[in-house]
Structures are given as C-alpha cells and as structure tokens.
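> what follows is a predicted protein model with its sequence.
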Amino acid sequence: MVPDCIRAARLLPGAALRGTLRGMPRPSCPRCQRPLRHCLCALIPDLDSRTRVLILQHSSEVGHALNTARLAVLGLRNAELRVGEVFDDLPQLLAQPGYRACLLFPGEDAVALTGYAPEEQPLLLVVPDGTWRKARKLLHLNPLLAALPRVSLGAVAPSRYRLRKAPEEGALSTIEAIVAALDALEAPQGFDALLRPFDALIEGQIAAMGEEVFIRNHQR
Ligand SMILES: [Zn+2]
C-alpha cells in the first residue's frame, strides 16, 4: 500500500500542470462564449417570431463547444434557454398566457408542424436539448414535458451539422430543428439568418481540426 500523501505527491506534477493550464483560460466573449478571436456575435441576428421558443438544455450540454441552443436563443427575441435536469418551475414556464405549449420531439402521436391559421394562437415550442439519451431522460424526469402534445418536423433538408454524428437518420442540431420548425409555422417569414453563426461555427471547427482529419473522421 502506498500512503495517500505519497500517492498525492507523485500525482502532483501532472495535476499542477493541468492546474496551470486550467488557470489560464483563453479569453472568451461573454455573450456567445466563444474564444474572443472566434466571436460569432456579429453574425447573430435579432429575429422576432410569433412562436415562443423554450429550450430545456440538459446540464451535460453546457460546456460543449458546439452549443447551438445558446446561439438560437441569442438570435431570437421570443426565446428562452433553461439549463438543468429537473425543472421545478416547469408549470410556470409552460403556462405562458397567449401560447399553446407543445413539445418538439418524436412520438407516435406527433403532429407535423404546418403554418398558422390567421387567428390561431401561437405555440410555445418546447425543445429538449441534449443527446437523444439525455433528451429522453429529461422527459422521464419531467413528466409534465412527456405529457405535452408533441409536434415534429416534416421532411427537412439534411443536417449541416457534420461534426457530431447523429445516431438517427434525419437528426438535426437543435438550432437547425428550431429554424425548420419556425420556417414551417411562420412562412413566408424565414429564419435562415439564425444559421449564419452556426455555419461559421462549423467552418471554424473544421478549419481548426484540419480538413484531412475531418474527412477521415466525419464523412461516411
Ligand atoms: Zn460573441
């Protein structure tokens, strides 16, 4: 048996080094949270929508470099991002006067989104954000979410999101799913501008890892 204090001392150089690296974070933009050199704010639009968007992000997504939910909320006036696993104030979040809450998530009874009728009450579109497994966990831990009427996207263009392999055919990043949903609901208004910072983010990631490595690892 090696005493704990000696084990700790042996571990010190590596731990100290990691601590040093951790202690010198690259300066990042307080708004988009990208490294300052790669700030995306100039590309983020300021879009109004009839639909209100509520993104419930699983805590495990927060630190991910490709946090597209954050970009979506920054670009939409009528949108909110909440982070967690159990949302205690969900009843209040869902009871927005003037809106009908529904969940953007696959399900047998999910109704494909179509344009609003002229006098129709707009949707409070609740979007779980995380891997499929984490999104299902959110539904499991928040029964109110699972009980909401479900809506789905009709046939949509393939994802531009080539960096994180999606386990299911037709899977989109959160920001792409939101754009597709708003486009369907609010045509002829289009929400493509929301994808500008997303495209730049993807291109930046590809450039950073090197085109060759990207093709080897991510193209099938
Ligand atoms: Zn920024």
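Thanks, I have the structure now. Residues are numbered from 1 along each chain as shown.
> drop to CA atoms for contacts and neighbour counts, all remaining ones
Noted.
> close to the ion: what parts of the chain are there?
Contact residues (C-alpha under 5 Å from the ion) of the chain with the ion: 29, 32, 39-41.
> could you look up the SS state of the most centrally placed residue in the chain?
Most central in the chain under C-alpha atoms, centre = their mean is residue 69, positioned 2.8 Å from the mean C-alpha point. With DSSP: H, G, I helix; E, B strand; the rest coil as the basis, residue 69 sits in helix.
> give me the low-pLDDT residue ranges for this structure?
By pLDDT under 70, the weakly predicted segments of the chain are 1-25, 65, 155-171, 211-212, 214-215, 217-220.
> can you map out the helices along it?
For the chain, the helices defined by DSSP state H occupy 4-23, 68-75, 90-94, 132-141, 143-146, 174-186, 196-209, 211-218.
> about what we covered before: can you put the residues of the chain next to the ion in TSV and add distance to residue 63 and neighbour count?
Below are the residues of the chain next to the ion laid out as TSV (distance: C-alpha to C-alpha, whole Å; neighbours: other C-alpha atoms under 10 Å):
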residue	distance to residue 63	neighbour count
29	14	15
32	12	18
39	16	18
40	17	20
41	18	16
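> quick one on the thing from earlier: the residue nearest to the centre of the chain reaches residue 56, doesn't it?
No. Counting by C-alpha atoms under 8 Å, residue 69 sits too far from residue 56 to count as a contact (9.0 Å).
> what do the two both touch?
Residues touching both residue 69 and residue 56 by C-alpha atoms under 8 Å, 6 or more residues apart in numbering: 81, 129.
> now for the residue nearest to the centre of the chain: which residues touch it?
By C-alpha under 8 Å, 6+ apart, residue 69 lies in contact with 55, 57, 81, 129, 174-175.
> mind doing that once more with 7 Å?
By C-alpha atoms under 7 Å, 6 or more residues apart in numbering, the residues touching residue 69 are 174-175.
> with that, I have no additional questions.
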